[in-house]
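Trainee: Requesting a structural model of the entry that follows:
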Amino acid sequence: MNTKKKKRIFILDTSAILSGKPINLDKATIVTTPGISIELKPGGRDYRSFQFLMERGLSIQSPSGESIDKIKTISSKTGDVTRLSQTDIEILALALDIIKDVEKEVIVLTDDYSIQNVANVMNIKFETISQPGITKRFKWTCRCRGCGKKYKDNIKICPICGAETKTVISSKKIIEK
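Mentor: Take a look at the predicted model:
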């Protein structure tokens, strides 16, 4: 029986840094993607928190193109693709890359519900920082504000009546913890 404990890897989303909550750096590795530094403007408390984490060992890694494509495919199926920023997609893709190493336990730190939704679908562990976290897994779709027609793809204007569409929940499933 292998009793070796997995190495914990925390992947930080921008919301983890913006929360201002302390992040326990003991006995864990923390990583993020290059997109985080783009989302945080130099100066101010949030940027200083990011710099502090960098000084304490936060490393920046880029995910593989293969994992980015997989996240885009899955998030298109859940309807979250338009709700995720490029950085959000990178965070999830990096988790996919690191999960391949069976000696590592990956946990995404995020308060972003769309990241949590896609992570849950893909069996990627996540923890929240300031928010309660999702209790249901959603699937999103577009519905025309005019005629009510639903579309699987994300379209802005209904090709039938020309009205704008809006994103609505097409199904939800309670998450068992």
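
Trainee: Assign a three-state SS to the residue nearest the centre of the chain, would you?
Mentor: In the chain, the centroid-proximal residue (CA atoms, centre = their mean) is Ile115; its distance is 2.7 Å. Secondary structure, DSSP: H, G, I helix; E, B strand; the rest coil: Ile115 is helix.

Trainee: Name the nearest residue to it, ignoring sequence neighbours.
Mentor: Sequence neighbours aside, Asp88 is the residue nearest to Ile115 in space, at 5.3 Å (criterion: CB to CB, 6 or more residues apart in numbering). The way it works is simple: take the backbone N, C-alpha and C, and place the C-beta from them, glycine included.

Trainee: what about the one you found, distance to Arg56?
Mentor: 24 Å (CB to CB, to the nearest Å).

Trainee: Which one of these two is surrounded by more residues?
Mentor: Higher neighbour count among Asp88 and Arg56: Asp88, with 24 against 10, using other CB atoms under 10 Å.

Trainee: Strands of this protein, residue ranges please.
Mentor: Under the criterion DSSP state E, the chain carries strands at the ranges 7-12, 29-32, 59-60, 104-109, 125-127, 136-144, 150-151, 165-174.

Trainee: buried set for the helix or strand bottoming out on mean pLDDT in the chain?
Mentor: Lowest by mean pLDDT, DSSP states H and E among the helices and strands of the chain is strand 165-174, with a mean of 80. Buried residues in strand 165-174, defined by neighbour count with 16 or more other CB atoms under 10 Å: Thr165.

Trainee: angle of it against strand 136-144?
Mentor: Strand 165-174 runs at 160 degrees relative to strand 136-144, counting by axes from the mean of the first three to the mean of the last three CA atoms, to 10 degrees.

Trainee: I am finished for the moment; much appreciated.
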